[in-house]
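**Q** sequence? don't have it. structure:
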């Protein structure tokens, strides 16, 4: 019932812990790829795609973490309040919290690098591509009060995507991964779900 009363965020053993653990798991997995990609064998285009997706995931995860557990970003301010630990290699050693400014610098570095590595080609909507990274960059720019950048990135992200246009699309509850407005989605396989 705490979720319905909007007090879960004050529960250190539940609501506050789960997102922290979830996003740092994504970061850990991304770090394995980012730090090990040079030791792999494969076509450069494939390696760039894999690295770009890992960087995008890490930037996305840090963006969510700093909003949940850090001070709010304020344009023009020092943003030297505590953010979250920046873990760029896998370690079990505890890390000090970085400043909000440092976390946003890393987010932007990861997303900018990912944008330079990815294209809009992908085998499935569950894979990150350039459009998704541009959309993430637009969201980060909004949070950093960079309005013109946000508008430019959002327009670039949306290119090639159509809006819902049929009654069936409007009535599906936005729960169908094939919806043309969804840029990034996952098709849940029936035998791989708990529901």
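**A** Thanks, I have the structure now. As the structure is a computational prediction, the values presented were derived from the model and not from experiment.

**Q** mind listing what's buried in the host helix or strand of residue 61?
**A** Residue 61 is part of helix 44-69, with elements assigned from DSSP states H and E. By 16 or more other C-beta atoms under 10 Å, the buried positions in helix 44-69 come out as 47-67, 69. To be clear about C-beta, it is placed using only N, CA and C from the backbone, and glycine gets the same treatment.

**Q** and stretch 182-192, how far apart are its ends?
**A** One end of stretch 182-192 to the other measures 22 Å (C-alpha to C-alpha, to the nearest Å).

**Q** same check, this time on stretch 168-178
**A** End residues of stretch 168-178 are separated by 12 Å (C-alpha to C-alpha).

**Q** Show me the contact partners of that stretch.
**A** For stretch 168-178, the external contacting residues (C-beta atoms under 8 Å, 6 or more residues apart in numbering) are 125, 164, 179, 180, 181, 182, 185, 186, 187.

**Q** Which among those count as buried?
**A** For those, a neighbour count by 16+ other C-beta under 10 Å gives the buried set as 125, 179.

**Q** Could you identify the most distant pair in the contacts of stretch 168-178?
**A** Among the contacts of stretch 168-178, the pair separated by the greatest distance (C-beta to C-beta) is 164 and 186, at 18.8 Å.

**Q** shaky segments in the protein?
**A** 1-15, 173, 194-195 (pLDDT under 70).

**Q** Quick one: the strands in this structure, in order.
**A** Residue ranges of the strands in the chain, as given by DSSP state E, are 82-85, 97-99.

**Q** Tell me the strands beside the last one, with direction?
**A** Next to strand 97-99 in the sheet, as set by DSSP bridges, lie strand 82-85 (antiparallel).

**Q** Provide a list of residues in contact with the spatially most central residue of the chain.
**A** Most central in the chain under C-alpha atoms, centre = their mean is residue 60, positioned 2.1 Å from the mean C-alpha point. Listed by C-beta under 8 Å, 6+ apart, the contact set of residue 60 reads 26, 136.
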